[in-house]
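Coordinates for the following, if possible.
(chains A and B)
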Amino acid sequence: MLELKNVSFRVDSETGEKEIIDNVSLKIDERFVALTGPNGGGKSTLAKLIMGIYQPTEGKIYFNGEDITAKTITERAQMGITFAFQQPVRFKGITVSDLITLASGKKLNTAQVCNYLSEVGLCARDYVDREVNESLSGGELKRIEIAMAMARGTELTVFDEPEAGIDLWSFKNLISVFQKMYEKTNGSIIIISHQERILNIADRIIVIADGKIADDGKGKELLPNLLGTQNATDTCAVLKNKVEMD
Amino acid sequence: MALDNMQMNLLKTIADLEKVPDGAFNIRLNGGLESRNNTENITIETKADKPGIDIYIKAGTKNERVDIPVIVSKTGLKDLVYNDFYVGEGADVLIVAGCGIHNDGSEKSEHDGIHAFHLAKNAKVKYVEKHYGEGEGTGERILNPTTEVEIAEGGYLEMETAQIKGVDSTKRVTRAVLGDKATLIIHEKIMTHGKQSAETDFAVDMNGKDCGAHVVSRSVAKDNSHQHFTSLINGNNQCNGHTECDAIIMDGATVTADPKLTANHVDAALIHEAAIGKIAGEQLIKLMSLGLSEKEAEEQIINGFLK
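I've put the predicted structure just below:
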């Protein structure tokens, strides 16, 4: 479904050219793939290359066999790729309902918008008419971002650290959201995450470090090696350590 | 004198009126009276000394609406009008004004409306004003509204003004004086394009104890248009004043925001905020990643911003 062939991405930095993604080749056909690896390793950049937000310096990207390297963000979105941002964007005057409706690409009634919001654990009535502005918390925005991805329901959805900024209660919810998406849609999900509980449900785990694929394998086979490293952390390692020390 | 189709369309754009309204109204067409209706509580009279009307709203009038639209469809017309609103004690009404200019000619068409609001004790008014220009001609379409507001103790005025399209030049002046516990809320929306220019100038004297003012302007400046926003809030008593100017700038447009606060009383709490910036790249990217083209994304962002 998705294939990256010798993809590199370089940027100019003070010390000359910097390689962010270094000759990555990757073929993804699995339904649920987790991308993990150290911060700054190139995971988010890879996601942005897939969505077309960045253009690769070298290499080609294929979606369902079609070369999409030169396609715009809009074209890729229309072909069936969705990207849920790590840092959701705020819009003055645009409401939650507006965004969900735009995401779905069709006219939705309030009940339909509410369904999506309820799925991500937001009390729908309080949110439909809220503006997606500074009045919403980071956690609320993340959940709206996930609801938008659900409303799109495309063939491929890429989530960039969906758990960041989400509290423990909604973290549980989040896992069930992905499981539901997995069951309901015929699409594939790529999630960038360090969370053990997310890695745990992945069919395949790809570890990205220094812009390269450091490890790649079936979830169940790879996960035991990753546990306890920064590639797979528990929900609150700090707290857990504290409890153990006590 | 009946309104033709083009004039009816203008009426719909500026006042959401599909037909002649039921309540009190005064329709002004090309500098003269087109039609008028009074109700038991609301009386509209033509001024004797200068062009314009006096609108009297009886004390205690509730849930009534007054429409005073102005239509200019003649090229080369300069229309100056004075409208005074006298709102009685405890009344609660909606006033809808607006001006539509259709100029197909080569001479400039101008409407300068000077509106004065006198709100008695505890009177409550929502005032909606829309400005719109259209026409194929090269003649300029100019609107210069002046609004003077005087709010007595406990009175409340909420003013919503919008100028979204087709006005070449506008100078909008608003002056307000607030009594004890009086409240003034202003929401202004402006979009300019081409070589248009829009100037807005607010000054509020917060004289009464515990009065409040909230002046918010949102604007979009496209192409080579220019906007200038000035607001001055004088806190002369224990009061709460807030002014905000938020502008999206595009293309080769220019925007100046000039908010001023003066506190003449130790318990005057005054805030001003001003922000000017282009549409954030990440906003465009987010909407494009939902399948919208860059142009559609831009339209959504602007429509939301000016909603």
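
Could you use CA atoms for every contact and neighbour count after this?
Noted.

how much space between residue B:180 and residue B:86?
When distances are taken as CA to CA, to the nearest Å, residue B:180 and residue B:86 turn out to be 19 Å apart.

Chain A contacts on chain B?
Neighbours of chain A within chain B, by CA under 8 Å from any CA of the partner chain: B:282-283, B:285-286, B:288-294, B:301, B:304-307.

just curious, which of those residues is nearest to residue A:35?
residue B:289 (20.4 Å; CA to CA).

I'd assumed residue A:72 was in contact with that closest one.
No. With contact defined as CA atoms under 8 Å, residue B:289 does not reach residue A:72; the gap is 9.4 Å.

More neighbours: which of these two?
Legend: neighbour count by other CA atoms under 10 Å in any protein chain shown for residue B:289 and residue A:72, higher for residue B:289 (28 against 19).

And the more buried one, what's its pLDDT?
Each residue has a pLDDT score; the one for residue B:289 is 96.

all strands for the stretch 51-200 of chain B, in order.
B:52-57, B:62-72, B:78-87, B:92-102, B:109-119, B:124-134, B:141-143, B:146-151, B:156-165, B:169-178, B:183-192, B:197-206 (DSSP state E, counting those that start in this stretch).

So what touches the longest helix along chain A?
Ranked by residue count and defined by DSSP state H, the top helix of chain A is helix A:168-184. Identification of contacts with helix A:168-184 by CA atoms under 8 Å, 6 or more residues apart in numbering or on different chains yields A:31, A:32, A:119, A:120, A:121, A:150, A:163, A:188, A:189, A:197, A:198, A:235.

let's see 10 Å
Contacts with helix A:168-184, where a contact means CA atoms under 10 Å, 6 or more residues apart in numbering or on different chains, come from A:31-32, A:119-122, A:139, A:143, A:146-147, A:149-150, A:153, A:157, A:162-166, A:187-189, A:191, A:197-198, A:201, A:235-236.

near chain B, from those residues?
residue A:149 (CA under 10 Å from any CA of the partner chain).

In a helix, residue A:102, correct?
Yes. In this structure, residue A:102 lies within a helix as judged by DSSP: H, G, I helix; E, B strand; the rest coil.

Near residue 215, how many residues? Count them for me, please.
Just going to use chain A. Neighbours of residue A:215 using other CA under 10 Å come to 14.

um, chain B though
By other CA under 10 Å, the residues close to residue B:215 number 23.

Please save the CA atoms from the helix or strand encompassing it in CSV.
Taking DSSP states H and E as the definition, residue B:215 sits inside strand B:211-221. Listed next in CSV are the C-alpha coordinates belonging to strand B:211-221 (Å, rounded to 0.1, in the frame of the first residue of the first chain):
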residue,chain,number,x,y,z
CYS,B,211,-19.2,50.6,33.5
GLY,B,212,-17.7,48.2,31.0
ALA,B,213,-16.6,48.4,27.4
HIS,B,214,-15.4,45.6,25.1
VAL,B,215,-14.3,46.8,21.6
VAL,B,216,-13.2,44.0,19.3
SER,B,217,-12.2,44.5,15.6
ARG,B,218,-11.4,41.6,13.3
SER,B,219,-10.3,42.3,9.8
VAL,B,220,-8.8,40.8,6.7
ALA,B,221,-6.7,43.0,4.4
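
how far out from the middle of the chain is that strand?
Relative to the mean C-alpha coordinate of its chain, strand B:211-221 is positioned 11 Å out (CA atoms, centre = their mean, to the nearest Å).

ditto for stretch B:263-272
Per CA atoms, centre = their mean, the displacement of stretch B:263-272 from the mean C-alpha position of its chain is 26 Å.

Where does pLDDT dip in the stretch 151-300 of chain B?
Under the criterion of pLDDT under 70, none of the stretch 151-300 of chain B is flagged as low confidence.
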